[in-house]
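Novice: Next come a sequence and a model predicted from it.
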2 protein chains.
Amino acid sequence: MAAEDDIRRTRRQRPAVMSDVGRLAGVSHQTVSRVINGSPRVRPETRQRVIAAMLELGYRRNSVARALATGRSNTLGVVSFDTTLYGPASTLFGIERAAHEAGYFIIVASLTSLDRASVMDAVDRLRLHGVDGILVIAPQEDAVDALLHAPSDVPLVAVEGGPRDTVPVVAVDQFAGAASATQHLLDLGHKTVWHVAGPADFLEAQERVEGWRTTLEVAGVEPPPPLVGDWSARSGYDLGRRLSRDASVTAIFVANDQMALGVLRAMHEAGRAMPGDVSLVGFDDIPESPYFTPPLTTVRQNFIEVGGRSLRLLVHAIETGERVVPASRVPTELVVRASTGPAPS
Amino acid sequence: MAAEDDIRRTRRQRPAVMSDVGRLAGVSHQTVSRVINGSPRVRPETRQRVIAAMLELGYRRNSVARALATGRSNTLGVVSFDTTLYGPASTLFGIERAAHEAGYFIIVASLTSLDRASVMDAVDRLRLHGVDGILVIAPQEDAVDALLHAPSDVPLVAVEGGPRDTVPVVAVDQFAGAASATQHLLDLGHKTVWHVAGPADFLEAQERVEGWRTTLEVAGVEPPPPLVGDWSARSGYDLGRRLSRDASVTAIFVANDQMALGVLRAMHEAGRAMPGDVSLVGFDDIPESPYFTPPLTTVRQNFIEVGGRSLRLLVHAIETGERVVPASRVPTELVVRASTGPAPS
DNA sequence: CCTCGCGATGTTAGCGCTAACCATCGTGCC
DNA sequence: GGCACGATGGTTAGCGCTAACATCGCGAGG
């Protein structure tokens, strides 16, 4: 019978399952399961036999069956806005690395729009697929709104913005970052600091505006009206041209490095020297920033840390069943390069 | 009994399963399954009853159980090198979008190194997790090597490089792209074209070198020795400084836009006018290229298309069981901007 | 009018695993 | 020396679904 079985196995090339291993080792499939899951109630000698059998058969456990039996898939879902952008991509990378360490797999749902319907749909698809938890890289108001109405049967963590009260959130301290950039410019003697902001519906953009505005107000300076871009270098360029025509503009804080690049280019074209005539601070510290002309002073966000921290928070929630909500803030770092200098006298 | 069951369900808040739906609709769980899977052998009236019951119970099918029963998880794995970079990130995005359309989920394994062990380990983890197929974004020789030794029990497609003979490959036509860049510079009257290459173990880098070299040779020009960078702006800067000291250098083809940015910066510092003294062509067309100083002439790669095409190839292989190997090449497009001009006289 | 055939369902067996509960042994204790 | 108990391992039931076959009822054909 065993022989016949062997033949069948060889013919069909069907991968070995637990009972095959058990049969070869002379134990039950359950003992094999015990060995695999590190149960202490197996005699060392038996364990050895089982291990040898597994090796001989090239046994690999079937995670799908395991997931069905345990109700846990060891898979987490990530919903993110356009993973082509440096920020989300880096955050995702951080998440993925931490997930690997924690023994989880990551399923990505990358959206081109963070409107409520898209986010809810993505969350739903992931739930349906049986993920153990979901991370939402949700810097937009609509996404936050969607999260408020999200079903609560699966643990959820928001990354970069979200409804603080209902969902745990891990985010960079945008306010402090914006404040440090603005203060840096004031410290250099600039009378005021202009701001090129991100889209109004992005929480990050809002917080950066707040940090900038508050810093100016504390310094007793009336904040000039912020200009609003869409994160792209193109919009930075367009707004930069506007700013370049106003000779009184000597310091600009731009809400991300791409737009800063656009502003830089506009200033070049207008013949304004940097940092001689105009000082510029960006946000993000993308890998290219040190090679802009001039090298960009910017606020570094530790995306990897944000990703890692949110993942660990989610895993903790899953494994302990706790639903506590520790909002976590990751600090920023001002990186001073050559795009900022003393105010022109 | 039904009542008792109802109570239990309500108490436990356990999600409804097929037999619950069946019970409510007065049919067997199998009929419910038929309805869900669109089997024609169900009376319309019955179908309606079942659908109504599903709605009432908020039934959601359990994909894990389905996967166990069918042996198909509707999940694909992607192994990629550093998804922080624009190329891999965009390719991944394209893959993900196409996967969504095809009804598949994507699990990412993002590696910091493409050495053979890492790639094999990642492929293995994904297989173990039960993916139906694997895509490897594998532009490096080691990865290709790993793929040659990959187990063949799961369909596999290589993206951007791979062993053409054993594994289906979808890639951008790097050779033609490099040739078009080089030819463009020759057409502008430059005597020769220098090349800043990517790391030698990257297939893309190799093919770009070949395209450049061949074009020069066909034009009867002896190719100068290529300089080798590591894709980063920093390495472009370092090599750019070297090139900037040689007044005979008037045209450079750089293997990616980041390095081109570094070269640009080095030229600026050396006071060489662009494109007056030196013309430069990059590769990739990242979103920032149009805003470099000067705006960069470059070769656009359609990453989204590469991703989408490879995904469809993989899905086809999975669903038809075919193992044909159509290597697929995606064309490039030369985008002429302001960093190239006539050779100085 | 009876049977064949087919459409519409139900029944039964898994998929490969884990969880919960038994069975069996040897040992130490009274 | 009998008995309880811990150590070890086997047995049995699912997890929720699909696949394959069995069943039933009804209209058509002989």
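Specialist: Great, that's in hand.
Novice: any idea how far the residue in the stretch 151-300 of chain A that DNA strand D sits nearest to lies from residue B:307?
Specialist: In the stretch 151-300 of chain A, the residue that lies nearest DNA strand D is residue A:153 (12.7 Å; Cβ to the nearest atom of the strand). Backbone N, C-alpha and C define where each C-beta goes, glycine included. Residue A:153 sits 33 Å away from residue B:307, going by Cβ to Cβ, to the nearest Å.
Novice: and the two? which has more neighbours close in?
Specialist: residue B:307 (28 against 9; other Cβ atoms under 10 Å in any protein chain shown).
Novice: which stretch of helix or strand covers the more buried one?
Specialist: helix B:303-320 (DSSP states H and E).
Novice: so what does the helix or strand following that helix touch, helix or strand wise?
Specialist: As assigned by DSSP H and E, the chain's next helix or strand after helix B:303-320 is strand B:328-330. With contacts taken as 3 or more Cβ pairs under 8 Å, 6 or more residues apart in numbering or on different chains; DSSP states H and E, strand B:328-330 sits against strand B:169-172, helix B:303-320.
Novice: May I have the strands that pair with strand B:328-330, each with its orientation?
Specialist: Strand pairing for strand B:328-330, using DSSP bridges, gives strand B:169-172 (parallel).
Novice: how about the helix or strand following the strand it pairs with: buried residues?
Specialist: Later in the chain than strand B:169-172, the nearest helix or strand by DSSP H and E is helix B:174-187. By neighbour count on 16 or more other Cβ atoms under 10 Å in any protein chain shown, the buried set for helix B:174-187 is B:174-186.
Novice: Backbone dihedrals for the residue nearest to residue A:88 when sequence neighbours are not counted, both of them.
Specialist: In this structure, residue A:88 finds its nearest non-sequential neighbour in residue A:80, 4.9 Å apart by Cβ to Cβ, 6 or more residues apart in numbering or on different chains. Backbone torsions of residue A:80, given as degrees, to the nearest 10, read phi -140, psi 150.
Novice: Next, the contact list for residue A:80, please.
Specialist: A:88, A:91, A:92, A:108, A:109, A:110, A:111, A:136, A:137 (Cβ atoms under 8 Å, 6 or more residues apart in numbering or on different chains).
Novice: just residue A:236 next, same as before
Specialist: When contacts are counted by Cβ under 8 Å, 6+ apart, residue A:236 is found next to A:196, A:229, A:254, A:258, A:259, A:260, A:261, A:262, A:263, A:266, B:291.
Novice: Residues of the stretch 151-300 of chain A that sit close to chain B?
Specialist: Within the stretch 151-300 of chain A, the residues that sit near chain B (Cβ under 8 Å from any Cβ of the partner chain) are A:153, A:232-234, A:236-237, A:258, A:261-262, A:264-265, A:268, A:287-288, A:290-293, A:295.
Novice: Hmm, residue A:25 and residue A:52 touching each other?
Specialist: Yes. Between residue A:52 and residue A:25 there is a contact at 7.2 Å, judged by Cβ atoms under 8 Å.
Novice: residues in contact with the residue sitting nearest the centre point of chain A?
Specialist: For chain A, residue A:91 is the residue whose C-alpha lies nearest the centre (Cα atoms, centre = their mean; 2.7 Å). Residue A:91 is in contact with A:80, A:137, A:159, A:160, A:303, A:304, A:306, A:307, counting by Cβ under 8 Å, 6+ apart.
Novice: in the helix or strand harbouring it, what's buried?
Specialist: Secondary structure from DSSP H and E places residue A:91 in helix A:86-102. Neighbour-count burial for helix A:86-102 flags A:86-100, A:102 (criterion: 16+ other Cβ under 10 Å).
Novice: Please enumerate the helices of the stretch 101-250 of chain A.
Specialist: With DSSP state H, counting those that start in this stretch as the criterion, the stretch 101-250 of chain A has helices at A:116-129, A:141-148, A:174-187, A:203-218, A:233-244.
Novice: Turn these into TSV, columns for distance to DNA strand C.
Specialist: Formatted as TSV, these follow (distance: least, Cβ to the nearest atom of the strand, whole Å):
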stretch	distance to DNA strand C
helix A:116-129	17
helix A:141-148	30
helix A:174-187	42
helix A:203-218	40
helix A:233-244	51
